[in-house]
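Asks: Give me the fold of what follows.
(2 chains)
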Number of protein chains: 2
Amino acid sequence: MRFLFLILAPLFVCQHAIAEVRTKTVEYQDGDVTLEGFVAWDPAVTGHTVPGVLVVHQWMGLTAYEKGRCQQLAELGYVAFALDIYGQDDRPGTIQEAGQTATIYKQDRDLYRRRLNLGLDQLRKQTGVNKDQIAAIGYCFGGTGVIELARSGAEINGVVSFHGGLDSPSPDDGKNIAAKILICHGADDPFVPEADIKACVAEFDAAEVDWQMNIYSHAVHSFTQPMAGNDNSRGAAYNADADRRSWAAMRIFFAEIFDQDVFKKTAK
Amino acid sequence: MRFLFLILAPLFVCQHAIAEVRTKTVEYQDGDVTLEGFVAWDPAVTGHTVPGVLVVHQWMGLTAYEKGRCQQLAELGYVAFALDIYGQDDRPGTIQEAGQTATIYKQDRDLYRRRLNLGLDQLRKQTGVNKDQIAAIGYCFGGTGVIELARSGAEINGVVSFHGGLDSPSPDDGKNIAAKILICHGADDPFVPEADIKACVAEFDAAEVDWQMNIYSHAVHSFTQPMAGNDNSRGAAYNADADRRSWAAMRIFFAEIFDQDVFKKTAK
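Replies: You can find the predicted model right below:
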């Protein structure tokens, strides 16, 4: 039996070791403003770099939700960094405060883009990140953010916007976009007007941007957010189908931009 | 060495045997009209049934293109059956003839639906097909067909329409739809008017159909068809990105409706 074990042992070593995802907070600066991000990675990945994914938070700021998404991404083999747009001293406590703070950045896109790019810099600095394989994902306010990041001319492979606002005060900036874009949109989202979708498509097409839009029936705003409840009539609600489908769409989008093989050979 | 081989041999047996996909033609009848379909399967799959996929042809009728898609599907582990709408005695030789023949079925949806359901019956009869796990996919004329199949009330799990026409002479038939629907649409397709898309969405929403629509930038009609060339200005052209992306979207749609796990655990 011992002889058998010695022969077979190496066959098991090459199995992927399942380890706990590791996380830590990361402080960084925009002048005097201290920003506090969050990074998650799989410590079992060693000896090679992996793609990095930037996660841009919603209007409430960096919360447990975005940290959870980072952990999910780390479990898929990525290094994920949730940036902080608002800074340590601006943590909205209510929806009203979140609306006020988000409006500052929506009205000052230069400031928003600067904070987005500072977050991107931090992602690239993280241990194990392949600096040439970078994506950004964002939800709601952050879904707007990842497109703003692309519009700023960031040299990243792709962005995924989940129920993000698509309006742009400067549509000509579409010409700066180098990233491929996947927009995941709820068909019944009352907060993303059809006029904004058309303007965004026109902006992208004029600049020959490589974009895709996935539309999910019966989904309203915040369809990825369990805390949004299930009352579509409020205009924002969780939709488990749209959440699961948009996450799967993100995975095949990543597979394309990072040249990964994510599908099993057969699906029997 | 022989002892070593005897110990290790069982470890290799559990690898999936890679065998050639098998195919055959299948004749069936609609009254006096003989229809000739085509089935593809993986003979390495034994001892259990697998989901079946119906493939609905384009306006030129059942060609090598649809047969090739059946073979691709068989390689993924499905039994795939390409039906025949037109019959052995109606094989269009030119685009003009194809247009005339397709128009017969587009104008007589009852006839079209009958032929679609006869094809579905044949798929369910094929060896190894799980009769309760059925999808239908179709291209162009066939992309219209799979939605007509759903509108006919066919009890199937899902349909995928690739650059199909979405118009319906009887929108109230949306209430018959039991299947989930994925529409893969080229953003610049001049043959699928926006008014048809809106009417189709309204039809589906009124009937609470579970639908998704994936829109691919810079793609026109026939984006999955290499033989369509690459001149978008003609309104129909191949688009490799949209072809690859829509196929991947189909795979995760199948994974959902057939409760399959298609993703590798990690994508490193």
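Asks: just for chain A, where's the confidence low?
Replies: Regions of chain A meeting the criterion pLDDT under 70 cover residues A:1-19, A:267-268.
Asks: And the lengthiest strand in it, what's buried?
Replies: Ranked by number of residues, the top strand in chain A under DSSP state E is strand A:129-139. Buried residues in strand A:129-139, defined by neighbour count with 16 or more other C-beta atoms under 10 Å in any protein chain shown: A:V129, A:Q133, A:I134, A:A135, A:A136, A:I137, A:G138, A:Y139. C-beta: built from backbone N, CA, C; applies to glycine.
Asks: Packing partners of that strand?
Replies: If you count contacts as 3 or more C-beta pairs under 8 Å, 6 or more residues apart in numbering or on different chains; DSSP states H and E, strand A:129-139 packs onto strand A:50-56, helix A:64-75, helix A:109-125, helix A:141-151, strand A:158-162, helix A:240-257.
Asks: So for B:H185, which of these sits nearest?
Replies: B:H185 lies closest to helix A:240-257 among the helices and strands packed on strand A:129-139, at 14.8 Å (C-beta to C-beta).
Asks: Not counting sequence-adjacent ones, nearest residue to A:G165?
Replies: Spatially, and ignoring its direct neighbours in sequence, A:G165 is nearest to A:T144 (4.3 Å; C-beta to C-beta, 6 or more residues apart in numbering or on different chains).
Asks: related to what we said a few turns ago, need the helices and strands packed on strand A:129-139 in a markdown table with mean neighbour count, can you?
Replies: Converted to a markdown table, these look like this (neighbours: other C-beta atoms under 10 Å in any protein chain shown):
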| stretch | mean neighbour count |
| --- | --- |
| strand A:50-56 | 28 |
| helix A:64-75 | 19 |
| helix A:109-125 | 19 |
| helix A:141-151 | 28 |
| strand A:158-162 | 29 |
| helix A:240-257 | 20 |
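Asks: okay, the ones you listed in JSON lines with distance to B:G158 next?
Replies: Shown next, in JSON lines, are these (distance: least, C-beta to C-beta, whole Å):
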{"stretch": "strand A:50-56", "distance to B:G158": "30"}
{"stretch": "helix A:64-75", "distance to B:G158": "26"}
{"stretch": "helix A:109-125", "distance to B:G158": "37"}
{"stretch": "helix A:141-151", "distance to B:G158": "27"}
{"stretch": "strand A:158-162", "distance to B:G158": "23"}
{"stretch": "helix A:240-257", "distance to B:G158": "12"}
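Asks: Out of these, the one nearest B:G52 is which?
Replies: helix A:240-257 (22.4 Å).
Asks: what's that closest one in contact with?
Replies: Residues outside helix A:240-257 that contact it (C-beta atoms under 8 Å, 6 or more residues apart in numbering or on different chains): A:51, A:53, A:76, A:78, A:133, A:135, A:137, A:157-158, A:160, A:162, A:180, A:182, A:184, A:186, A:212, A:214, A:216, A:218-219, A:223-224, A:260-263, B:210, B:212, B:214, B:244-245, B:248-249, B:252, B:255-256, B:263, B:267.
Asks: do the same with stretch A:226-234
Replies: So stretch A:226-234 is in contact with A:Y65, A:D188, A:H218, A:V220, A:H221, A:S222, A:A236, A:A237, A:Y238, going by C-beta under 8 Å, 6+ apart.
Asks: what sits against the fourth one?
Replies: The neighbours of A:V220, taking C-beta under 8 Å, 6+ apart as the test, are A:G186, A:D188, A:D189, A:P190, A:N232, A:R234, A:G235, A:A236, A:A237, A:N239.
Asks: Next: the last one.
Replies: Residues counted as contacts of A:Y238 (C-beta under 8 Å, 6+ apart) are A:S222, A:F223, A:T224, A:Q225, A:P226, A:M227, A:A228, A:G229, A:N230.
Asks: so how far is A:P193 from it?
Replies: Between A:Y238 and A:P193 the computed distance is 22 Å (C-beta to C-beta, to the nearest Å).
Asks: now do the third one
Replies: When distance is defined by C-beta to C-beta, A:H218 is 19 Å away from A:P193.
Asks: ok, now which ones touch the residue nearest to A:G165?
Replies: By C-beta under 8 Å, 6+ apart, the contact set of A:T144 is A:K106, A:G138, A:S161, A:G164, A:G165, A:L166, A:D167.
Asks: Could you check which residue of the stretch 1-150 of chain A lies nearest chain B?
Replies: Relative to chain B, the nearest point of the stretch 1-150 of chain A is A:G77 (3.8 Å; C-beta to the nearest C-beta).
Asks: Using the three-state scheme, assign that residue.
Replies: coil (DSSP: H, G, I helix; E, B strand; the rest coil).
Asks: count of neighbours near it?
Replies: A:G77: 22 surrounding residues under other C-beta atoms under 10 Å in any protein chain shown.
Asks: just A:R91 next, same as before
Replies: Look at A:R91: counted by other C-beta under 10 Å, it has 16 neighbours.
Asks: Excluding sequence neighbours, find me the nearest residue to it.
Replies: Once flanking residues are discounted, A:R91 sits nearest to A:G61: 5.7 Å by C-beta to C-beta, 6+ apart.
Asks: pretty sure the one you found is in contact with A:A98, am I right?
Replies: Yes: in this structure, A:G61 is within contact of A:A98 by C-beta atoms under 8 Å, at 7.3 Å.
Asks: Now do the shared contacts for these two.
Replies: Taking C-beta under 8 Å, 6+ apart as the criterion, A:G61 and A:A98 both touch A:P92.
Asks: Who has more neighbours out of those two?
Replies: A:G61 (21 against 18).
Asks: Mind listing the residues bridging to that one?
Replies: A:Q58 (DSSP bridges).
Asks: Quick one: residues contacting it.
Replies: Residues near A:G61 by C-beta under 8 Å, 6+ apart: A:D84, A:I85, A:Y86, A:D90, A:R91, A:P92, A:A98, A:T101.
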